[in-house]
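> Turn this into a model:
(one chain, ligands or ions: 2)
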Amino acid sequence: MAFDQPTPVHAPTPQGWRGRLNRLVGRPAFQAWAARFPLTRRRTRAEGSAIFDLMSGFVYSQVLFALVELDLLIRLRDTPLASGDLPDLPAQRMEALLLAATALGLMRRTSGEKFQTSLRGAAIPGVPGLTDMIRHHAIFYRDMADPLAVLRGEKDTELAHFWPYVFGADSGIAPADAGRYSQLMADSQALVAMETLTQTDLRGAAKLMDIGGGSGVFLQHVAQQYPELSLELMDLPQVMDAARARLAQHGLGARVALHPGSFRDDAIPGGADAMSLIRVLYDHDDATVDTLLAQVFAALPAGGRLIISEPMAGGAHPNRSGDAYFAFYTMAMRTGRARSQAEIAQRLTRAGFTGIQTPRPARAFVTSVVTARKP
Ligand SMILES: CC(C)=CCC/C(C)=C/CC/C(C)=C/C=C/C(C)=C/C=C/C=C(C)/C=C/C=C(C)/C=C/C=C(C)/C=C/CC(C)(C)O
Ligand SMILES: C[S@@+](CC[C@H](N)C(=O)[O-])C[C@H]1O[C@@H](n2cnc3c(N)ncnc32)[C@H](O)[C@@H]1O
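Ligands and ions are numbered 1, 2, ... in the order given. As a prediction, the model looks like this:
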């Protein structure tokens, strides 16, 4: 299957100096020359190494996956151990895993032939939700085993089943499934909330409605930073139990009003002068996004504000997290799309919003933000 590739189509003559240069660097003889010539040697080595990393990235990811599955980042955090001290695998195989992890900067080797988690490795379990995200990549990984099928949209992807809620309020999700999704979403929300709140300003707002607010983690963070703000959460009825439980557990049961409902079928309740859509738009197709933005516009009073925060594509400057990871992730989910700040700004303008701001993301792999006002 993988080997019967279509024959590449070459233009009879390359277009412009770029085309000529591309042809040149694609010639083995030029590569051999450039690897020796003093002025091109360094760049040639760097390109070779970058190409090797792209080619082997899936192996690196799986080394990280094995470390997380065996909990080695934590087990080797405080005290160095030798591979023979870790009975999970035959000593030689454990040594191989730990050497690979060392090569990837996740472990360090001590003088006594032992291994200890590196600073980078030690940070990973401390990033909220990251180890569970890495574990759930087993699903995404199986989908990505056939990237062309994902691109053609012809694969019944596993991710589409893992996040079944996106198919709408009438999809009959079992509460257990809704709970499983809510926990992973909630764990991974902490960084997004922190990043969003550093890039936005809710001073002067009286009431915030978080649409698609999940179990309320974003509102928990908002509540701390804005003690005077009234808070409301709208999400599908299936998610309400998880939201009620979390908010009560954090003493916010009375402060946050819950609105069960679907923004596909129900009107967004009015009364809030600020609304947020955190990691919501990228789950949905363009038509749903446009209808949702129009609904939000209608529900806000004049001067009301909207905050949108989610991982975004780079637009004119494609980035790895948005244009590679999240673009393929949402493609495998088969319902939405990672959009750029510029595209979201355009859709907001079409919906009637003004004062649109697209602050430069500090950590695009966590989230990017777009804010707007109703005139
Ligand atoms: C004091 C001395 C001597 C040294 C100290 C040196 C020092 C300061 C070292 C730094 C160590 C440190 C503190 C590191 C911190 C690192 C952090 C905070 C890293 C954070 C990384 C976050 C990552 C990689 C986040 C990834 C998020 C992902 C993959 C999210 C995926 C979300 C998905 C798939 C959501 C899907 C939802 C859906 C369904 C599409 O809607
Ligand atoms: C990716 S989650 C994000 C949750 C939360 N905002 C966060 O960032 O952790 C998307 C949320 O949108 C909600 N959602 C999906 N379709 C919806 C709909 N039609 N009406 C209301 N909420 C919906 C989901 O239930 C889910 O909680």
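> mind listing the strands for the stretch 151-300 of the chain?
Using DSSP state E, counting those that start in this stretch, the strands of the stretch 151-300 of the chain run over 207-211, 230-235, 256-260, 274-278.
> So which of these is nearest ligand 1?
strand 274-278 (9.9 Å; Cβ to the nearest ligand atom). Bear in mind the C-beta positions are built from the backbone N, C-alpha and C, glycine included.
> so what strands line up beside that closest one?
Sheet partners assigned to strand 274-278 using DSSP bridges are listed as strand 207-211 (parallel), strand 305-310 (parallel).
> in the first one, what counts as buried?
Neighbour counts over strand 207-211 (16 or more other Cβ atoms under 10 Å) mark 208, 209, 210, 211 as buried.
> Is it possible to get CSV of these that adds distance to ligand 1 and pLDDT?
Formatted as CSV, the buried residues of strand 207-211 follow (distance: Cβ to the nearest ligand atom, whole Å; pLDDT from 0 to 100):
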residue, distance to ligand 1, pLDDT
208, 21, 98
209, 19, 98
210, 15, 98
211, 14, 98
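> how about CSV for those, with distance to residue 79 added?
Converted to CSV, those look like this (distance: Cβ to Cβ, whole Å):
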residue, distance to residue 79
208, 46
209, 49
210, 43
211, 47
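> Report the two of those residues separated the most.
208 and 211 (10.2 Å; Cβ to Cβ).
> list residues touching both of the two?
275, 276 (Cβ atoms under 8 Å, 6 or more residues apart in numbering).
> if you skip the residues just before and after it, what's nearest to residue 344?
For residue 344, ignoring the flanking residues on the chain, the nearest one in space by Cβ to Cβ, 6 or more residues apart in numbering is residue 370 at 4.8 Å.
> Closest residue of the stretch 1-150 of the chain to ligand 1?
Nearest residue of the stretch 1-150 of the chain to ligand 1: residue 123, at 3.5 Å (Cβ to the nearest ligand atom).
> Quickly note the distance from that residue to residue 73.
The gap separating residue 123 from residue 73 is 9 Å, by Cβ to Cβ, to the nearest Å.
> Over to residue 52?
With the distance defined as Cβ to Cβ, residue 52 ends up 25 Å from residue 73.
> give me the number of residues near residue 368?
30 (other Cβ atoms under 10 Å).
> can you check residue 357 too?
When neighbours are counted by other Cβ under 10 Å, residue 357 comes out with 14.
> Which residue comes closest to it once chain neighbours are left out?
residue 371 (4.8 Å).
> Residue 340 now?
That would be residue 315: by Cβ to Cβ, 6+ apart, it lies 3.2 Å from residue 340.
> That neighbour: which element?
Secondary structure assignment for residue 315, by DSSP states H and E: no helix or strand.
> next helix or strand past the longest helix seen in the chain?
Looking across the chain with DSSP state H, the single longest helix is helix 38-69. Sequence order places helix 72-75 as the next helix or strand after helix 38-69, per DSSP H and E.
> mean confidence score for that next one?
Mean pLDDT, helix 72-75: 98.
> cool, stretch 92-108 as well?
Stretch 92-108 comes out at a mean pLDDT of 98.
> which residues touch the residue lying closest to residue 280 once chain neighbours are set aside?
Distances taken as Cβ to Cβ, 6+ apart place residue 212 nearest to residue 280, at 3.7 Å, with adjacent residues excluded. Going by Cβ under 8 Å, 6+ apart, residue 212 touches 234, 235, 263, 277, 278, 279, 280, 283.
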